[in-house]
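In: Based on what follows, work out the 3D shape:
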Amino acid sequence: MDVERSSLCNCVVNFLLEENYLLSAFELLHELLDDGRDDQAIRLKEFFSDPSHFPPDQISRFNSLRVADPQSLLEEKESLEEKLAISEYELRLAQEDILKLKTETRKKTGISLDESNESKLDASANHEPDLQPQKDIAFSDLGPLKDTDRHDLNCAVKEYLLLAGYRLTAMTFYEEVNNQNLDAWKNSSACVPDALRRYYYKYLSSTTEAAEERIGMLESLLKENDRLKNDNQSLLKSKDVSDAQATALKKSLEVLQKDIKDKEILVQDLKQSLESQRKELNDCRAEITSLKMHIEGARSARNLLASDSAQVESWSIENHSEEIKLLQNEIERLKAKHFVDTESIQSIKQEKGSEETVDEVDKSQVNNILPSTVDASSADLLGTNTQVMGKRESDVTTSKPKKVPEDILTSLDENTILEKAENFLKHNGKPHSETDGLFTKSENPDESNAQKGLGTVQILSDALPKIVPYVLIQHREELLPLIMCAIERHPDSATRDSLTHTLFNLIKRPDDQQRRIIMDACVTLAKNVGQLRTEIELLPQCWEQINHMYEERRLLVAQSCGELAEFVRPEIRDSLILSIVQQLIEDSAIVVREAAAHNLALLLPLFPNTDKHFKVEEMMFQLVCDPSGVVVETTIKELVPALINWGSELDHVLQVLLSHILGSAQRCPPLSGVEGSVESHLRVLGERERWNIDVLLRLLVELLPFVHQKAVKTCPFPSEVADSTGISFTVSLLELYAGGFVEWPTFEWLHIECFPNLIRLASLLPQKEDNLRIRITKILLAVAEQFGESYLTHIMLPVFLVAVGENTDFKFFPSTVQSRIRGLRPQTLVAERLASMCVLPLLLAGVLGHSSKHEQLTKYLRSLLVQSSGQEGQPAKHEIVNSVRFICIFEEYHSMIFNILWELVVSSDINLKISAANFLKVIVPYIDAKVASTHVLPALVTLGSDQNLNVKYASVDAFGAVAQHFKNDTIVDKIRIQMDAFLEDGSVEATIAVIFQFTASPIPSNDLLRRRERANAFCESIRALDATDLPFSSVRDFLLPAIQNLLKDPDALDPAHKEALEIISRERSGGTFDTISKVMGAHIGLASSVTSFFGESGLLGKKETDEPGALPPETIESPQPIVEDTRFRRIMRGGFTDMLRGKTKSNEENSPSH
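Out: Numbers count the residues shown, from 1 in each chain. Below is the predicted model:
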């Protein structure tokens, strides 16, 4: 195919050169070179490099021809288009005539086209010396080309060029063949698809070499055909095998599908059985829980009984000793009477036996109490303990005292003993009914007590749901002990669930105190019932309340997640409870999300492992970026430290944090769509993105102590971590680190990852994002405070000096890190402007702004402001002015700034003075009236009195900024005096600058007459100034912005004045009035192409001036003062103080006061 393509291309080359289609041949040469087909372009190269065809002097003369300017080319193009339209119309008419003539000629002549085709093929083949050198026949031997032959060949060449992809050559060829219509190829034997290729094949087939070549090709094709047949047969066999395998696989698939269906049915059955078994298991768990409660009650009763028996024994011994004394006294009395009766002695002995019997009965009753208590339900435990205590106290009163001598007993009768027992009972405060009851009862009372206790709990459980709605809300908390007791002791799980639901829903919308009481009750209940019942009975209440319509109830769920987690199994904490918290952080209520963050922090230490770390980390970042400041504050102060201490994944958290910060800014649209400009690198932050970046930077500040702690902990040089002064990172430690023989990833993270990413973030922030830039500054100051002055001097400062394009020393950086730090240096002009605009403020306020670097900051600022302006021969750049403006946000730098600015004010360099005026203008919003009166105004008065006009005009702008920000009488008087001086000066530039400042000052909106008077004065002055020759800078900076300010208040403008102002705007701006707002770009501080719009050749004035350009500041001459006292000057001088103060005047007070 390559040989064939080369032959066809050679045929076309020969044809184009023979027919003298040089433009087409030249275009084909370029397209062949672009395609890399240099071999086929050899002849064309030789032809066009031949000096005989193209003399060098002629080529040089053509090259020296002047290129027409675009305006003349546009005019020629329009004229040529008109001529082309006429020519196309004439061409269509001529083509129609030609077609008619051709049809008539074809009918008359009838010449055979086959012979002409053979002659064409022979002619094209004869011009190919590479393939057929032995048959090189001249083109003229075949006779002259006929028109039809030429037309067929031209059409065939055009078709080849289009098929081969040489479209430019085809277009050039089409234009060069201007005497034939190549689009209309008549239907003949020569008109065939791919004609040139067919002509070539026809020519080859007419030679013996071609026949031999074709025979060889046929033989190779036959061999290839046999091979393909064999391959086809083998493929057919493999296809049969694969079909059989596919059939077998289909059958096996059907079997598997049946098995899957059977298994699905089995799975459903197993699920159903599992559900039933789970229900049975829950019932069993409930029964086990009740049995555990019975056992615990029995154990407590047994312990209580044992402790009480010891106390009763000691108490009974003391009482019995007293009784013995009484008995001894009675015996002495009886002996005195000398009365002895044998029958009474026998009765006393019988009484002794009965007392021993009573003691045995009492012992048996006490022994029966324990098993009966174990068998009884837990509900009557309280009643049983009460009965046992009463019985045991009665037993103490009737129990036998220490053994009395038998001779004493023989002297006592039964009545005396009973009387003494009665007195004993009265002495201990026990009624006869209790003692007699114990003596007379011979049956066990525990069974009846258990039944009574269970019935009491049942009655309480049934009554509580009915009682609760009718109790006042502020008193419902008093029902909590009853509800807890019923939940704890009721044996039925369904009833307990109902009571637990009542507990959670005790108050419809509980406040903080009520939620605290309910939560304490739930915690106490969880302690008493254990893990199993907490999971089964309490946690389901969380699920039910999680989507409740009232946020107070959802808040109760959030609190329960953190406080009840301690009383459930560990595997429940990081699965079920964590999923509940995850759903709560999506809640619409702020208090619920805040509670979710707080309780998640409580939950983390209870997790059994850190498998859920990445999930919790994602939840933490979601809460940090919450739109509510309360949620963010809780997350940063509570959840973040808990996550770091629990997960020990600080490196990953820091990595994700930096990616979130940069991603939030990079997703915002650019400030400008012009590629390569500074504004295309800055981003327009939305409210959400600005908030996210701010809170993430706050999070970074909170993480810095953890970074410092880990850096100290992982230090490979533990002996050098701290010196005698307590500084963590000393110079000797940094020198060891610079050796580069150890790894210290946490320490390197700051200057390898953190600082470069903060620099990238700052390079995306436009000028108005001062709050975010202040946040970054606080981060840098916090790093310097954490890591010490040595780290600030030898690590932080070099990083930021390189980032702003300064040279620095990398002595304390390992060689492996130095290349990455050097990569921060700006490489292009746009990058340098971005560094000056965005990174320089961070260097000044965040690095050199540290308390230990104030002296170095002063030197650096003086060098930046004084030396740079003096060396460049022009005022300070806007980027440097913006950096000074940013550092003035911090009040502690004001005195240093004013000292440096005063050096600029008293300097003899005009550019330094203009720079001082610009600096004073931008720092006005960040100072108070006292500073403005003592520092700014004296400097501006000095600049306003300067002989140079540019310095004076720059001070006018600064005076206007002071007037707009301060309404103090002293300040207003000073500005009025200076403005009068400007007006008395009489220069047009000063006058228009004052007008602009007046129009930019606030307008008293409540006095329409006052506004109209001001507007009329301004309009008359502007119309007067419009009649003068104003320089383009004054038109751009003052006149057009002043007109725009006046047009903002259409109610105060007279219609004639409004129309006049619009006309002036159109004429001075060189465009329509609709484009004026775009022209104002330079005035409002947006970087734009205003300077090019108001260039030297723009329509800046009504009259032509012969000035070649703007003169240097030293050569500008002040125009002659305006002698006449216009109405504008009278109003400005008379009512200027009121304008600055924003006061209104009545219609009677319009007369000027001098």
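In: Any figure for the gap between K271 and W543?
Out: 21 Å (C-beta to C-beta, to the nearest Å). C-beta coordinates here come from the backbone N, C-alpha and C atoms, glycine included.
In: hang on, I meant E785
Out: For E785, the distance to W543 (C-beta to C-beta) stands at 47 Å.
In: Same check on E769?
Out: From E769 to W543 the distance is 45 Å (C-beta to C-beta).
In: which of those two has more neighbours?
Out: E769 (20 against 13; other C-beta atoms under 10 Å).
In: any idea of the pLDDT on the more buried one?
Out: Looking at E769, its pLDDT is 92.
In: Then V568?
Out: For V568, the predicted pLDDT is 90.
In: Might one say that it is in contact with I580?
Out: No - contact status for V568 versus I580: not in contact, 11.8 Å apart, counting by C-beta atoms under 8 Å.
In: so where is the stretch 101-250 of the chain shaky, pLDDT-wise?
Out: 110-143, 204-207, 209-211, 214 (pLDDT under 70).
In: Which parts of it are helices?
Out: 113-126, 147-164, 167-176, 195-205, 208-337 (DSSP state H, counting those that start in this stretch).
In: Show me which residues of the fourth one are buried.
Out: What that stands for is helix 195-205. 195-197, 199-200, 203-204 (16 or more other C-beta atoms under 10 Å).
In: got the end-to-end distance for stretch 593-612?
Out: Stretch 593-612 has an end-to-end distance of 20 Å (C-alpha to C-alpha, to the nearest Å).
In: go on, stretch 890-898?
Out: End residues of stretch 890-898 are separated by 13 Å (C-alpha to C-alpha).
In: and the gap between the closest residue to W646 other than its chain neighbours and V591?
Out: Closest residue to W646 apart from its sequence neighbours, by C-beta to C-beta, 6 or more residues apart in numbering: L604 at 4.3 Å. The gap separating L604 from V591 is 21 Å, by C-beta to C-beta.
In: Show me the helices in the stretch 751-900 of the chain, by range?
Out: Going by DSSP H, counting those that start in this stretch, the stretch 751-900 of the chain shows helices at 755-762, 770-791, 797-803, 815-822, 829-834, 840-842, 854-862, 868-872, 878-887, 894-905.
In: picking up where we left off before, what sits against the residue nearest to W646?
Out: Shown in contact with L604 (C-beta atoms under 8 Å, 6 or more residues apart in numbering): 616, 642-643, 646-647.
In: Which of the buried residues of helix 195-205 sits closest to H660?
Out: H660 has its nearest neighbour among those in R197, at 63.3 Å by C-beta to C-beta.
In: Quick check: Q95 touching D183?
Out: No - between Q95 and D183 there is no contact under C-beta under 8 Å: 9.4 Å.
In: more crowded one of the two?
Out: Q95 (13 against 9).
In: Show the contacting residues for that one.
Out: Q95 touches 181, 184, counting by C-beta under 8 Å, 6+ apart.
In: Could you do the one 4 residues further on as well?
Out: When contacts are counted by C-beta under 8 Å, 6+ apart, L99 is found next to A184.
In: Identify the residue nearest the geometric centre of the protein.
Out: With distances taken as C-alpha atoms, centre = their mean, S664 lies nearest the centre of the chain, 3.5 Å away.
In: Please, which helix or strand holds it?
Out: helix 650-666 (DSSP states H and E).
In: helices and strands around that helix, which ones?
Out: When contacts are defined as 3 or more C-beta pairs under 8 Å, 6 or more residues apart in numbering; DSSP states H and E, helix 650-666 sits against helix 613-624, helix 640-647, helix 687-713, helix 745-749, helix 755-762.
In: Highest mean neighbour count out of those?
Out: helix 755-762 (a mean of 21; mean count of other C-beta atoms under 10 Å).
In: Nice, that's everything, thank you.
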